[in-house]
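[1] fold the stuff below for me.
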Amino acid sequence: TLSITLSNNPVTLNVKPQYDNLQLGLAALEALFVTEQGSAITEQVTAQDLRRDNAITGITTMVNAYSYHFEPATATHAKNISWQIGQYGNGVARENYQSETSIINGIITDFNTKPELVAAITALQLTPWKLELEAANDAFNAAYLLRTQQLGAASPETILATRLETNTSYYEMRDFINSYFTINKGAAPYAKTSGELNALIDQYNTMLAGRSTPPKETIPNP
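    The predicted model follows:
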């Protein structure tokens, strides 16, 4: 949610204070979910994070080089990829774990669905790099979820209280986006933002469906 809001500019959306509060709450919550550094699963998480960092850095480095290619078509393909990655901000590999996971998922989706990027990946023979980035991100997420299942060192009461506070911040930001969507009759950038957030919510609802049946929340979508 934070990553999507950031990509659509919280200032433009008029939710910068709410975005900042949610970011602070998430940081506090993540700080409670820490396993011992000697954990084998923690080592897997670190290794897979480095693997995906190398993959995205490798792709970025290659397209940067190709953007100076003497053949105009090759340079254009490279610039198309570079521009799209740039839409997610600078330094993807330096993002926190969950933010990087979300960003890479978005990049992979773009690579697979946007015609100009599909053509560029093929023309520059970057398919192996794309597959490695996707595999590395999936492997990281699997290791991260496994580590999450083993958490519990922090006080359950503290975790619960912090989670509730973070939930409150989340719903506040969501409600602000809802309100501005209604006031602006779904005009940009609210239509795009709500569409992306609803897609994210749907993904998590699907993931949770086998374990619980929480009420489905939505953000208005035209």
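
[2] how many other residues sit next to residue 86?
    Look at residue 86: counted by other Cβ atoms under 10 Å, it has 11 neighbours. Heads up, the C-betas are built off the backbone N, CA and C, glycines and all.

[3] do you know how far it is from residue 168?
    34 Å (Cβ to Cβ, to the nearest Å).

[4] for residue 80, same thing?
    41 Å.

[5] neighbour count: those two, which is higher?
    Between residue 80 and residue 168, residue 80 has the larger neighbour count (other Cβ under 10 Å), namely 20 against 13.

[6] apart from its chain neighbours, what residue comes closest to residue 116?
    Excluding the flanking residues, the one nearest residue 116 by Cβ to Cβ, 6 or more residues apart in numbering is residue 80, at 5.1 Å.

[7] can you list phi and psi of residue 187 for me?
    phi -70, psi 160 (degrees, to the nearest 10).

[8] contact partners for it?
    By Cβ atoms under 8 Å, 6 or more residues apart in numbering, no residues touch residue 187.

[9] what ranges do the helices span in the chain?
    Here the chain has its helices, by DSSP state H, at 2-7, 16-32, 40-66, 72-86, 97-113, 115-123, 127-149, 156-183, 190-208.

[10] could you give me the average pLDDT of the last one?
    To tie it back to what came earlier, the one meant is helix 190-208. Regarding helix 190-208, the rounded mean pLDDT is 89.

[11] residue 103 reaches residue 92, doesn't it?
    Yes. Using Cβ atoms under 8 Å, residue 103 makes contact with residue 92 at a distance of 5.4 Å.

[12] okay, and the common contacts of those two?
    In contact with both residue 103 and residue 92: no residue, using Cβ under 8 Å, 6+ apart.

[13] quick one: residue 184 from residue 138, how far?
    37 Å.

[14] residues contacting residue 62?
    Residue 62 neighbours (Cβ under 8 Å, 6+ apart): 124, 126, 129.

[15] got these as TSV, with neighbour count, distance to residue 208 and pLDDT columns?
    Shown next, in TSV, are these (neighbours: other Cβ atoms under 10 Å; distance: Cβ to Cβ, whole Å; pLDDT from 0 to 100):
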residue	neighbour count	distance to residue 208	pLDDT
124	19	38	95
126	23	34	96
129	18	33	96
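
[16] turn the residues you listed into a markdown table, including distance to residue 10.
    Output for those, formatted as a markdown table (distance: Cβ to Cβ, whole Å):
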| residue | distance to residue 10 |
| --- | --- |
| 124 | 34 |
| 126 | 32 |
| 129 | 31 |
